Each structure stands twice: as structure tokens, then as C-alpha cells.
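> this one's sequence-less:
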């Protein structure tokens, strides 16, 4: 069986217990989510010569500290893993133990996980000092596995090569920064970006670029970028008055001939479900697709409006199921 099929089977199994995970203890998280994850990667999670629980990691200031797991090769740790319970939000204070151990051994990869979110760290910025930000991060319930599966495949037992992992990690980190920056600049172009275009020889007037000039050209920069990228960003915040008190009923709008009306009404309804979402629209000859993101830039799914009959489909990120939305109730039930 290929790794992709094994991982898909793992995702299907844990999806069946998804509703229970919020109440999992740390031990339940390890048993039901984390150990099976590394088993899929090819490690014998019951062989302490390969997958050591409660691995002791002495540091200068503390003796006898332990990380939850260490993956060993020839008796030396090649990956260390800190586990938290599934319901715990992963924050920087939980990185402390990994950070301290990183400086005392040759291990180059550390993983912080709650069994649902996996964060992979290395020392890309400075040798033997764990980076503050992960070079790879994903949510097994929310993110589309096609986005990250090739990245985690390199951590399989038979494929693991630390030089290859670190080399790819540099590019993964760069790609993450580019993606995050582009999304932010599409929503609100940064001063640096606007200044770059104002300083282009085709535009430059010889005048000093001032903050007033940057502010004056910010919206024009945003519109030009959206035109080039072929996308329209619809931001929805509590301050924006985009919902009319006399807004048309959803079913009536669907029967209208304007796909823009349908799109607008869908987003009006979404605002009541996900207050701080934004969408990126993808317009083609056959459909209009709305890629739906939370305010933290996490994609949760997409809505596809078919132009031939105005039928509306919803597909959640990480799921292969497609739901047909025929009413406002459907939107609230499925999204």
C-alpha cells in the first residue's frame, strides 16, 4: 500500500472520533492520534530502540527533563516530539522544552503537536537554536492533505534524510512567508510594496516618496494586483456595512439572473456564521468559486456557483464530500 493510501486510511479513522477529541486527555491523544500518525510514517511505536517515550534530555540548567517521544537512529535522537492534549491550543510557551533541548544535541527536527495540529521546527536561522516559527504546520482535520502530504512523506522512516529535510525546509519557510505576505498585501498593500512600485523607473517622477504618496496609491495598488491575479478579495468585518436590513431572501436571489447577487448574498449569510472571514473569488467561464478563509488566513473550504443553472456547491477543506446548498438553512448546516 502506498504512503498516500495509508495516510488517507488514517485520516478516515480519526475523522470518526473527531467529535470526541476535544475531551481527550494527553494520554488519550497520544494513543488515539499521535502514535498512529507516526506508525503511518513507518516507525514501530512499540520499539523503544526506535520510538522512545519519555526521552531524557539533560540541559545545562535542568537535569532529568523529558520530551514525550524521541525517534532514534543508532541510539541517537533524530526527531524529538512534544505532545499536548487534543483540546489544547498550541502556543509559544509550549515550545520551551523543545527549545532548551535543541541546543544540547545534534537533533535537527522538533515537533510540537496536539494530535490535530503538527508544527515542525528546525534551526534554520541559527545553528543549534530552534527557530521561533515552524517551517511546516498543518491541521489534519481542517487542511487539505494534498497541500502537505508530500512534505510529511519525507519524514517516513525509509525516506528520512536530514540534509534533504533541511534543504526543503528552507524553501518551505520561504514559501510560507511569500504566501502570507501576498495574502496580506492583496487585502492591504504594505508601505514597502507601494513604495516599490512608486520607485519603479516607469513611474518614478524624481520626487521623494512620502507617506502621503504611499497612502494615496495604496488602494490603486490593491486594485491593480487583484486585476493581475484574477481574484477579488471580499473582506467582511464588523465595521463594514455590507448587509442591508432589507436584503433579499436567499431563495429569491438564487432565482435571479445575477451571479454577483448570489455571491453577495452568500457572503452576507456567511458573515453571521464566521464574523471575520474573507473570501478570494475565482471567476471562470463556467463557474464562480469563493475560497473561504478565516481572519488568521486558514482556508476552511470553497463555494462553487455554477453559471449554467446557478446551483451552489460547498466543499470543506480536507474533505472529498461536496454538499449542494439550496437554502440558507443548508449554508448554516454544512458550513
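Noted; the coordinates are in hand. What you are looking at is a predicted structure, and each value in this text was computed from that prediction instead of being measured. Numbering: from 1, shown residues only.

> buried set for whichever helix in the chain runs longest?
Ranked by residue count, the top helix of the chain under DSSP state H comes out as helix 162-187. Neighbour-count burial for helix 162-187 flags 162, 165, 168-169, 172-173, 185-186 (criterion: 16 or more other Cβ atoms under 10 Å). C-betas here are computed from N, CA, C, even on glycine.

> next one: that helix to chain centre, how far?
Distance of helix 162-187 from its chain centroid, counting by Cα atoms, centre = their mean, to the nearest Å, is 12 Å.

> how many residues are close by residue 140?
As a burial measure, residue 140 scores 22 neighbours (other Cβ atoms under 10 Å).

> ranges for the helices of the stretch 201-335 of the chain?
For the stretch 201-335 of the chain, the helices defined by DSSP state H, counting those that start in this stretch cover 211-229, 250-254, 259-273, 328-334.

> actually the stretch 1-150 of the chain, sorry about that
Remark: helices assigned in the stretch 1-150 of the chain by DSSP H, counting those that start in this stretch are 3-15, 26-29, 35-40, 96-102, 145-153.

> so what does the longest one touch, helix or strand wise?
Of the remaining helices and strands, those touching helix 3-15 by 3 or more Cβ pairs under 8 Å, 6 or more residues apart in numbering; DSSP states H and E are helix 35-40, helix 145-153.

> residues contacting the nearest residue to residue 269 once chain neighbours are set aside?
Spatial nearest neighbour of residue 269, excluding adjacent residues (Cβ to Cβ, 6 or more residues apart in numbering): residue 331 at 5.3 Å. Residues near residue 331 by Cβ atoms under 8 Å, 6 or more residues apart in numbering: 250, 266, 269-270, 273, 314, 325.

> with respect to residue 212, which of the residues you listed is nearest?
residue 270 (36.0 Å; Cβ to Cβ).

> which residues touch the closest one?
236, 277, 279, 292, 331, 335.

> among these, which are in strands?
Using DSSP state E, the subset of those located in strands is 279, 292.

> re the thing from before, and the helices of the stretch 201-335 of the chain: which comes nearest residue 21?
Proximity to residue 21 (Cβ to Cβ) singles out helix 328-334 among the helices of the stretch 201-335 of the chain, at 20.7 Å.

> give the rounded mean pLDDT of the closest one.
For helix 328-334, mean pLDDT rounds to 83.

> how far is that helix from where the chain is centred?
Relative to its chain's centre, helix 328-334 lies at 24 Å (Cα atoms, centre = their mean).

> buried residues, it. List them.
Of the residues in helix 328-334, 328, 331 count as buried by neighbour count, 16+ other Cβ under 10 Å.

> start at 21, not 1
Understood, numbering begins at 21; the last thing we discussed is helix 348-354.

> give me the below-cutoff pLDDT ranges for the chain.
For the chain, the stretches flagged by pLDDT under 70 are 78-84, 224-226, 249-277, 316-317.

> wait, residue 179 sits on residue 173?
Yes: the criterion here is Cβ atoms under 8 Å, and residue 179 meets it with residue 173 at 6.6 Å.

> the inter-axis angle of the longest helix of the chain versus helix 165-173?
In this structure, helix 182-207 runs at an angle of 150 degrees to helix 165-173, with axes from the mean of the first three to the mean of the last three Cα atoms, to 10 degrees as the basis.
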